[in-house]
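K.L.:
Build me a model:
(one chain, ligands or ions: 1)
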Amino acid sequence: MEIDSERVESSLWIGNKRYRAFLSGWYFSWTEIDKRNREKKTISVPVSEVIGVKEGRVEIQPQKKVEDTDLDFTCKFLKPGCPGSMDHSTPNRPSRPHQLLVFINPFGGKKRGKQIFHSLVAPLFELAGISSHVVATERANQARDYILKKDLTGFDGVICVGGDGMFSELLHGVIGRTQQEAGVSEHDPTVMLQPCDLHIGIIPAGSTDCVCFTTMGINDPVTSTLHIIIGDSQPLDVCSVHYQSTLVRYSVSMVGYGFYGDVLAESERHRWMGPLRYDYSGCMVYLSNRSYPGLVQYLPADSHISSPRDNTRCLSGCRVCSESKERLFPHFESSSSLYSANVSQYSSELEGEWVTVEGRFKCISLTCISSSCPRSPKGLSPSAHLADGTADLILVRETNPLGFLTYLHRHTNTQDQFDLPFVEVHRVKAVRFSLPPGEEEEEEEEEYEGGDQEIQASTESVLEDPEKLCCSNTAGHSQQHLTGRKERGNVTTSRVKRRGFVCGPCGTKPRSVSVWNCDGEILPHTEISCRVHGQLVRLFARGIEDSTMP
Ligand SMILES: Nc1ncnc2c1ncn2[C@@H]1O[C@H](COP(=O)(O)OP(=O)(O)OP(=O)(O)O)[C@@H](O)[C@H]1O
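P.N.:
Numbering: from 1, shown residues only. This next block holds a predicted model:
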């Protein structure tokens with residue numbers, strides 16, 4: 001073996017073939033040598049993409065097997081060109097995590113969370129020398145509360161093994177904790193939230209896994225694990241949803257009113273059906289052919305930078321996202337913390353002229369990301385960016401059932417869902433929704449003093465009778481309600497007027513007010529405001545690579 005300060009060289013045998021191997025600071029390469037000492041093909045792997053090296057012959061899958069032989073070693077690496085392997089031009093060298101906090105939802109998706117973690121993820125973590133503290137959740141919101149309250153010293157990231165609901169728990173925990181530590185109020189919609197240093201990793205084990213699919217291009221636990229191990233870092237925009245001056249929830253994938261709100265409300269009534277309930281409820285709500293009056297105000301994003309109809313895709317190393325960093329963090333200075341200190345408390349991102357749109361809508365959706373999933377590979381807004389500080393606002397006006405079906409169907413094929421006369425899409429930085437005059441929510445002063453059980457009970461009563469959804473103030477399970485309750489002793493709840501006549505194929509009463517579906521949770525308020533926080537959190541991900549593009 002030859003050693004100099006730059007590189008190490010040695011001969012190597014793989015099976016009965018001889019190779020010459022080189023190890024430099026950045027790359028590990030091996031070149032096959034034939035019997036006449038001629039060099040053949042070279043394989044080169046960036047050292048940053050080596051998962052781990054162990055003495056002996058080691059197999060991990062389908063079962064762990066170690067053959068302890070003196071002269072052998074096993075090197076596991078990301079195969080070049082595979083999902084997760086690094087494009088050599090990728091500028092930032094990631095720093096690898098050493099210790100991770102893992103939350104497994106044993107009941108998410110097909111209830112395979114524990115099995116997925118122990119058979120596919122844990123052996124790779126072990127090989128990579130990553131230690132993990134594993135918590136199998138016993139109740140909803142346990143992961144969020146753990147992140148908010150426990151000592152997280154030493155952890156380089158938090159991982160969820162579950163679906164979008166579990167991701168949302170981690171999102172709320174990480175953002176909430178970061179703001180608590182920075183002394184920033186989450187409730188003030190004008191304040192610039194502190195970006196979060198603690199990375200979030202997603203091992204898909206849910207029903208939809210939309211956030212994982214949108215940020216990786218694939219729902220595959222091993223690919224996700226490899227991104228975590230090599231410490232990939234993908235910033236992500238987050239939308240905060242407020243009711244008056246109270247934070248209600250954070251959202252990444254969808255805040256939807258009308259059709260999407262009604263489908264969620266309907267599906268909650270049919271939980272016993274399992275995942276089938278979404279298809280069933282989708283049909284029922286579609287057949288009821290509802291539309292709702294609304295007054296939408298939005299703050300447009302700079303249309304010179306990008307547009308939701310520019311036919312681009314946000315891919316790994318996206319130029320729009322990387323150039324947005326300077327705009328979003330003008331006072332950024334590199335330091336131990338990602339964007340620490342010196343950030344102005346108030347964002348200039350909220351400057352500009354608001355645009356107002358009034359009408360009747362089949363649905364209104366706001367999404368920070370494309371929100372793709374295996375059933376809708378292009379997603380709600382195919383050209384949305386992961387980290388440009390904007391969201392796409394999609395307004396689908398009242399139309400005939402066939403027109404709306406065409407709109408829905410185009411999410412599943414290659415046709416442009418925005419190329420329809422009743423659909424408009426805008427790239428925005430903030431949105432406000434209110435009911436037009438005459439349709440307002442009637443405010444009734446009611447003491448909001450419920451505990452968890454009361455929230456649960458009120459939710460259940462609403463689910464028994466979906467009509468209550470339009471007149472009740474169902475609280476979701478968000479941190480904001482729980483923490484907010486302490487601060488606001490006298491928050492008013494709202495009741496909403498509705499019209500009482502029967503129509504529609506499923507015989508339900510048409511309502512003048514729908515509900516908001518915020519990443520799969522029903523919001524307790526109708527008149528909300530939303531604001532996009534650019535690059536607020538970081539995922540162990542790299543964005544979608546060309547090779548994995550859906
Ligand atoms: N032990 C538990 N018991 C009951 N609910 C739980 C538990 N752990 C987590 N949860 C809640 O279950 C909800 C759904 O879980 P998860 O998102 O993992 O799966 P899913 O709903 O099947 O997938 P998706 O959200 O992708 O559709 C989450 O909102 C989470 O808060």
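
K.L.:
any idea whether Thr178 is helix, strand or coil?
P.N.:
Under DSSP: H, G, I helix; E, B strand; the rest coil, Thr178 falls in the helix class.

K.L.:
How many neighbouring residues does it have?
P.N.:
Using other C-beta atoms under 10 Å, the number of residues around Thr178 comes to 20. The C-beta positions use only the backbone N, C-alpha and C, and glycine is treated the same way.

K.L.:
Could you do Thr190 as well?
P.N.:
Counted with other C-beta under 10 Å, the neighbours of Thr190 add up to 12.

K.L.:
Stretch 207-221: how far from the chain's middle?
P.N.:
9 Å (C-alpha atoms, centre = their mean, to the nearest Å).

K.L.:
so how far does that stretch reach from one end to the other?
P.N.:
Distance between the two ends of stretch 207-221: 14 Å, counting by C-alpha to C-alpha, to the nearest Å.

K.L.:
now check it, is it near the ligand?
P.N.:
Yes: on the criterion C-beta under 6 Å from any ligand atom, stretch 207-221 is in touch with the ligand at Ser207, Thr208, Asp209.

K.L.:
Do you know the pLDDT at Tyr339?
P.N.:
You'll see Tyr339 listed with a pLDDT of 46.

K.L.:
One more: Pro550?
P.N.:
pLDDT, read off for Pro550, is 53.

K.L.:
got it, and Ile522?
P.N.:
Reading off the confidence values, Ile522 has pLDDT 96.

K.L.:
Grab the nearest non-local neighbour of it.
P.N.:
Leaving aside its sequence neighbours, Ile522 sits nearest to Val515 (C-beta to C-beta, 6 or more residues apart in numbering; 5.2 Å).

K.L.:
likewise Leu198?
P.N.:
Excluding the flanking residues, the one nearest Leu198 by C-beta to C-beta, 6+ apart is Val174, at 5.3 Å.

K.L.:
With Ser307 instead?
P.N.:
Arg427 (5.9 Å).

K.L.:
Nearest to the ligand: which residue in the stretch 1-150 of the chain?
P.N.:
Residue nearest to the ligand within the stretch 1-150 of the chain (C-beta to the nearest ligand atom): Gly108, separated by 2.7 Å.

K.L.:
what residues are up against that residue?
P.N.:
Counting by C-beta atoms under 8 Å, 6 or more residues apart in numbering, Gly108 makes contact with Val161, Gly162, Gly163, Gly165, Met166, Ala205, Gly206, Ser207.

K.L.:
Now rank the residues you listed by neighbours and give me the top one.
P.N.:
Going by other C-beta under 10 Å, Val161 tops these with 32 neighbours.

K.L.:
Which element, helix or strand, includes the residue nearest to Ser307?
P.N.:
Using DSSP states H and E, Arg427 sits in strand 423-434.

K.L.:
Kindly report the same for Leu247.
P.N.:
Per DSSP H and E, Leu247 falls inside strand 246-251.

K.L.:
Helices of the protein, start to end?
P.N.:
Ranges of helices in the chain, per DSSP state H, are 113-116, 122-127, 142-149, 164-182, 210-216, 221-229, 259-268, 276-288, 319-328, 401-409, 452-464, 479-487.

K.L.:
give the contact list for Gly294.
P.N.:
Tyr257, Glu358, Gly359, Arg360, Phe361, Ile364, Phe433, Ser434, Leu435, Pro436.

K.L.:
And stretch 105-112, end to end?
P.N.:
One end of stretch 105-112 sits 9 Å from the other (C-alpha to C-alpha).
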